[in-house]
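Asker: Here is the input, now give the coordinates:
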Amino acid sequence: MAPIAVEWLNLILRWAHVLAGILWIGDSFLFMWMDKSLVAPTRARPGAVVGELWMVHSGGFYEVVKRKSLAPDEVPPTLHWFRWEAYTTWITGIFLFGVVYYLGGGVWLFDRTAPLGTGWALLLSLGLFVASWLVYDALWRSPLAGRPALATAISFLLIVGAAYGLTRVFSGRAAFLHLGAMLGTIMAANVWRVIIPGQNRMLADTRAGRPVDTTPGLRAKVRSTHNHYLTLPVLFTMISNHFPSTYGHPLNWLVLVLLVVVGVAVKYVMNFRGRSHPLAVASGAAGLIAAIALTARPPEVAVGAALHSAPPVSFASAHAIIERRCVTCHATTPSNPAFPRAPSGVVLEDPRRIQKLAPRILVRAVATKTMPLGNLTGMTDEERDTLGAWIVQGARLDH
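Answerer: The predicted structure is shown next:
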C-alpha cells in the first residue's frame, strides 16, 4: 500500500476511534454518575421506581427515574441502547492498531535486535487480544467471582504479569499500547457477550410476562463496573506513545502498572468524592508519586556518569552514527519506504539542526533507547554511548 494511502487510512481510523471512544467513555461516566447520584423517590410514583434524579442543562430541567422492572404493557416502543459506541471503538481501534503496528513490516512493533521475527510477533500480538478476554471471562465466571476481592486481586496480578511480559517481547511503546488494547478488548467483549445479552434476556422476560431472572442483569452490572474502572487506564496507555520517558524507562513495566493503579484510583475518587476510602486515595497518590519519581530523572542523569567521564567525542564521530542510524527516516526525503516524510518533521541532515535537537536526541536515542524505531537500523549500545557522550560534552560542532 502506498505510504500516502497508509497515512490517510491512519488519520481516518484515528478520527473515528477517538470520536467513538469519547461517546463510549462519556456514556460510562454518565451512567455511573447517575447511579451514584440517585435519591429515593420524593413522591409516590407508579411502577417499581427505585430512585430519581433532577438535572438542569440547555435551558431546561431533566427528570430521570430509574425503575427496577417494568410490566409488559409498560415497555416503551422506543428503548435506547448503548452498544455501538463500544463496538465502533473496538473495531476502529483494532484496525488502527494494525495500520500502526502491523503494516510496514512491524516497524514500531518490536526491537529488530530481538530474536522474535515479524510473523511470530504478529501472531503473538493477535493471540494476546483473544487470550485476554478468554482468561478474564473464565476468571469472572468461575466460583472465584463469588469472592470479588480475591478475583480482583488475581485480575490485578494478571495485569502485572502481562505488563512485564509485554515489555520483554515488544518495544516499550507497543507494549503499552498492547496492554491498553487487551483491556479495551475485554471491555468491548463485556458489552457484546455479557451486558447486552443480559439486558436482552431481561427484556424478553418482561415482554413475555414471565418472572424476570435478575441474574443476567446483576452479572451485566458487575462487568459494566469493570469497564468503568478500566476507562482511565486504557486512556493513559493510549496517550503514552507521546511520552518516551514512560515506555522507554528500564522499568517500563512498573511504570505501566503504576499508571493502571493511578487510573483506577482517580476513577474511584471521581465516583465517590468525599466518601472515598482513604486506602484508594493513598494508593493513587503513591502510584502517581512513584511514577513521577521513576521517570523524572533529567536525561543527563539517566544516561549515567560514565558518559560524562568518557573521552572527548568529535562531531564527525557523532555525525557518522546519525547518518548510519537516523537519517534513513529523519531526512527531507527518507530512504525508508515506511515514511513518506520525516517522523514528527524531525530532519537530521543539517549540523546546526542536529545541535539544536541534541537534548531531544539524548532522550530518545540514549536515555530511553526508543529511537531508532524498533531499532530498525541496528544502533548498538556503543554507538548510543558515543552519541550521548558528544551531547553531554556540549554537542560542539567545532571539534
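
Asker: Doesn't Gly51 lie inside a helix?
Answerer: No - using DSSP: H, G, I helix; E, B strand; the rest coil, the assignment for Gly51 is strand, not a helix.

Asker: how near is it to Thr42?
Answerer: 10 Å (Cβ to Cβ, to the nearest Å). Every residue, glycine included, has its C-beta placed from N, CA and C.

Asker: Then Thr206?
Answerer: Distance of Thr206 to Thr42, computed by Cβ to Cβ: 26 Å.

Asker: rewinding a little: which one's more surrounded, Gly51 and Thr42?
Answerer: Neighbour comparison, Gly51 and Thr42: the larger count goes to Gly51, with 16 against 8 (by other Cβ atoms under 10 Å).

Asker: just checking, the more buried one touches Lys66?
Answerer: Yes - Gly51 lies in contact with Lys66 (Cβ atoms under 8 Å); the separation is 4.6 Å.

Asker: which residues are common contacts for those two?
Answerer: Residues within reach of Gly51 and of Lys66 at once, by Cβ atoms under 8 Å, 6 or more residues apart in numbering, are Leu38.

Asker: The helix or strand bottoming out on mean pLDDT in the chain: what's the following helix or strand?
Answerer: Sorting the helices and strands of the chain by mean pLDDT, DSSP states H and E puts helix 299-302 at the bottom, at a mean of 56. Going down the chain from helix 299-302, the next helix or strand is helix 305-308, by DSSP states H and E.

Asker: what does that next one contact?
Answerer: 300, 366, 385, 388-389, 392.

Asker: Mind picking the two most distant members of those residues?
Answerer: Glu300 and Asp385 (13.9 Å; Cβ to Cβ).

Asker: if I pick Gly388, what's in contact with it?
Answerer: With contact set as Cβ under 8 Å, 6+ apart, Gly388 has these partners: 303, 307, 362, 365-367.

Asker: What is the burial count for the residue lying closest to it once chain neighbours are set aside?
Answerer: Using Cβ to Cβ, 6 or more residues apart in numbering and skipping residues adjacent in sequence, the residue nearest Gly388 is Val366, 3.8 Å away. As a burial measure, Val366 scores 26 neighbours (other Cβ under 10 Å).

Asker: What's the separation between Val366 and Gly248?
Answerer: 10 Å.

Asker: before we move on, what about Leu376?
Answerer: According to Cβ to Cβ, Leu376 and Gly248 sit 16 Å apart.

Asker: what's the lowest-pLDDT member of the contacts of Gly388?
Answerer: Least confident entry in the contacts of Gly388, by pLDDT: Val303, with 64.

Asker: where does the protein have low pLDDT?
Answerer: 1-3, 104, 112-115, 298-305, 399 (pLDDT under 70).

Asker: Span of stretch 247-257 from start to end?
Answerer: End-to-end distance for stretch 247-257: 11 Å, by Cα to Cα, to the nearest Å.

Asker: ok, how many other residues are close to Tyr101?
Answerer: Applying the criterion other Cβ under 10 Å, we find 24 residues in the vicinity of Tyr101.

Asker: ok, Val234 - how many residues close by?
Answerer: When neighbours are defined as other Cβ under 10 Å, Val234 has 23 of them.
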